[in-house]
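**Q** Return a 3D structure for these sequence lines:
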Amino acid sequence: MEYLTHSLIEKSEAIEITQKLKADNSSWQDGKRTAGSLAAEIKNNFQLDKTSKISKEIKDLVVMKIISNSLIKSFTLPSLIHGVMCTKSLPGNGYGMHVDNPYMPSGRSDLSFTLFLNEPENYEGGNLCIQTINETKQIKLSAGEIIIYPSTKLHSVSQVKKGERFVCVGWIQSYIQNNEDRNFLFGLDAGAKGLLAKHGRSDELDLVFQAYSNLLRRLGD
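**A** Residues are numbered from 1 along each chain as shown. Below you'll find the predicted structure:
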């Protein structure tokens, strides 16, 4: 599985956050401030001051929602959720094709995520574009929905043509660094839990869960 899309917060929560972000005009900074020398040439957006009260509140909410969501936990196997910040893109803003730094001051980037905070009809353009082997996926989700994808992927944000785009982005350091290993474990975990829900506990299923746990122990950091 290349990436996961899922509803992380209620649409009403996302809209309320967006309204607060729109009302706060003093905490926005030029996105180039946290970009490296190469990224600064293609990064054109605004990001919320991480030390602001609203930024800390949103970060705490997003981290709590991620670690309490069983599907996302199974997909990401998170050991650290870091670098969480809100960004704003106005008409003319965008972010050219790039790959995220493997190591940041806040942690290792195994997985990247974007939580969409306002509805897609509120702005034109602003697609998250993820490059795969055969094509470039263009993604624009509903308010409250999150996409999680490997940080190894080239990706960009297309230029906003109209309206305002509000998202929350961040990174996940996983207990399993390798994407392929993590996907194997995700499939095994999903299959075992599906069998448990359908047929109940069995000695054979205990062996599957044992294998999963021991694989996680062997492959993990």
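
**Q** Scan the protein for its longest strand.
**A** Using DSSP state E, we find that the single longest strand of the chain is strand 78-89.

**Q** Ends of stretch 114-125, what's the gap?
**A** 16 Å (CA to CA, to the nearest Å).

**Q** buried ones in it?
**A** Neighbour-count burial for stretch 114-125, counted by 16 or more other CB atoms under 10 Å, picks out 114-120, 122-123, 125. Backbone N, C-alpha and C define where each C-beta goes, glycine included.

**Q** So which of these belong to strands?
**A** Assigned to strands by DSSP E, the following of those qualify: 114-116, 123, 125.

**Q** Which residue ranges make up each domain of this structure?
**A** Domain assignment for the chain, taken from automatic domain parsing, gives 4-174, 179-219.

**Q** so how far is the first residue of the first one from its last?
**A** So the one you mean is domain 4-174. With CA to CA applied, domain 4-174 spans 15 Å between its terminal residues.

**Q** And for the shortest one?
**A** Start and end residues of domain 179-219 are separated by 11 Å (CA to CA).

**Q** remind me, longest helix of the chain?
**A** helix 179-199 (DSSP state H).

**Q** Pull the distance from the helix or strand just after it to the chain's centre.
**A** Using DSSP states H and E, the helix or strand that follows helix 179-199 in sequence is helix 203-219. Distance, stretch centre to chain centre, for helix 203-219: 27 Å (CA atoms, centre = their mean, to the nearest Å).

**Q** Please apply the same query to stretch 54-71.
**A** Worked out by CA atoms, centre = their mean, stretch 54-71 lies 11 Å from the chain centre.

**Q** Give me the contact list for that stretch.
**A** 4, 6, 8-9, 13, 17, 20-21, 24, 27, 48-50, 72-73, 76, 78, 81, 84-86, 113, 115, 168, 170, 172 (CB atoms under 8 Å, 6 or more residues apart in numbering).

**Q** Of those, select the buried ones using a ChimeraX command.
**A** In ChimeraX, this line selects whichever of the contacts of stretch 54-71 come out buried by 16+ other CB under 10 Å:
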select :4,8,9,17,21,24,27,48,49,50,72,76,78,81,84,85,86,113,115,168,170,172
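
**Q** Please flag which of the contacts of stretch 54-71 sit within strands.
**A** 4, 6, 48, 78, 81, 84-86, 113, 115, 168, 170, 172.

**Q** Residues contacting stretch 194-205, please?
**A** For stretch 194-205, using CB under 8 Å, 6+ apart, the contacting residues are 192, 208.

**Q** Need the distance between the two termini of it.
**A** One end of stretch 194-205 sits 11 Å from the other (CA to CA).

**Q** winner for burial among the domains of the chain?
**A** Stretch with highest mean neighbour count among those: domain 4-174 (a mean of 17; mean count of other CB atoms under 10 Å).

**Q** contacting residues around Leu188?
**A** With CB under 8 Å, 6+ apart, Leu188 has these contacts: 208, 211-212, 215.

**Q** Ok, Thr18 next?
**A** Thr18 neighbours (CB under 8 Å, 6+ apart): 117-118, 143, 166.

**Q** Among those, which one lies nearest to Asn179?
**A** Closest approach between the contacts of Thr18 and Asn179, by CB to CB: Leu117, at 26.7 Å.

**Q** close enough to count as contact, the closest one and Gln19?
**A** No - using CB atoms under 8 Å, Leu117 is not in contact with Gln19; the gap is 9.8 Å.
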